[in-house]
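Asks: got a sequence here, can you build the structure:
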Amino acid sequence: MQASNNPQPSPRVADEAITIDELAERVGMTVRNLREWRTLGLLPRAEMRGRVGHYSPAVVERVERIQKLHGEGFTLELIARMLDAGGEAADEVMRLAGALRAPITEEAAATEPATDRLARISASLEELGLSLDQVLDATARVQAHAEGMAQIFEQIWMEHIWEPFIEAGMPKEELPRIQETAMRVKPLALEAVSALFTVAMDAQIEKGIAREVGRTAD
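Replies: The predicted structure is shown next:
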């Protein structure tokens, strides 16, 4: 018997498609939230089979990637614009976004890892006479300020570099500049914070000395 030139998908392949309920279960979201994402344009159109929509299993990876980017600070609206600008290469756009943002969110390779530096600093503070509780309290207070500073630089990069790049349709000729900028943001941020802290620390020391001299005179 001659084989058909237009073979139909096997039942196994067809059964690989998943419903929105199955998708919600796999990615740990509610059906309601997934429908909101679909309204924002974050999900592709479902293939209707009767009155039930079905998605390719590949949509699971897309949702997980969106969850990761959203957890790292990308708004859903920005992700939607990225997907719209990327068109058929939407998933590649999200991979690019994650890769470009990595130099800001991940610890760059260094001679001494950040955790080791923090441990060394804590040990030095204890040698100066601070108790472990005092060291932990000081570390927590500094961390709160550090997170605020990191958010400021992140917002600057997103608003003035990444979002305009998305709005312009992600022109390929701009990619080298965007990549270079992403690599330079963290070192420049660290240098700026160090310089500003030095100035602030010197001013604080001067105020402290003046205060103590005045108290002694009194």
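Asks: show me where this protein has helices.
Replies: 11-15, 20-27, 31-40, 58-71, 76-86, 90-105, 114-127, 132-157, 163-167, 175-217 (DSSP state H).
Asks: and the last one, how far out from the chain middle?
Replies: Same thing as helix 175-217. 25 Å (CA atoms, centre = their mean, to the nearest Å).
Asks: what about the residue nearest the centre of the chain, distance to residue 78?
Replies: Centroid-nearest residue in the chain, with CA atoms, centre = their mean: residue 72, separated by 2.5 Å. Noted for residue 72: a distance of 11 Å to residue 78, by CB to CB, to the nearest Å. (Glycine included, C-beta is placed from N, CA and C.)
Asks: same check, this time on residue 216
Replies: From residue 216 to residue 78 the distance is 57 Å (CB to CB).
Asks: of all the helices of the chain, which lies closest to residue 49?
Replies: For residue 49, the closest of the helices of the chain is helix 11-15, at 9.0 Å, according to CB to CB.
Asks: now do that closest one, average pLDDT.
Replies: Here helix 11-15 scores 42 as its mean pLDDT.
Asks: for this structure, which spans come out with low pLDDT?
Replies: Within the chain, the ranges that satisfy pLDDT under 70 run 1-15, 85-91, 96, 98-114, 217-218.
Asks: and residue 216 and residue 78? which has more neighbours close in?
Replies: A direct count of neighbours by other CB atoms under 10 Å for residue 216 and residue 78 places residue 78 higher, at 18 against 7.
Asks: list phi and psi for the nearest residue to residue 54 once chain neighbours are set aside.
Replies: Excluding its sequence neighbours, the residue lying closest to residue 54 (CB to CB, 6 or more residues apart in numbering) is residue 17, at 3.8 Å. Note on residue 17: its backbone torsions stand at phi -60, psi 150 [degrees, to the nearest 10].
Asks: what's the neighbour count on residue 17?
Replies: Number of residues near residue 17 (other CB under 10 Å) recorded here: 18.
Asks: residue 56 is in contact with that one, correct?
Replies: Yes. Counting by CB atoms under 8 Å, residue 17 does reach residue 56; the two are 6.4 Å apart.
Asks: for the closest residue to residue 31 other than its chain neighbours, give me its contacts.
Replies: Counting by CB to CB, 6+ apart, residue 31 lies nearest to residue 24, which is 4.8 Å off, once chain neighbours are set aside. By CB atoms under 8 Å, 6 or more residues apart in numbering, residue 24 lies in contact with 30, 31, 33, 34.
Asks: that concludes my questions; thank you for your assistance.
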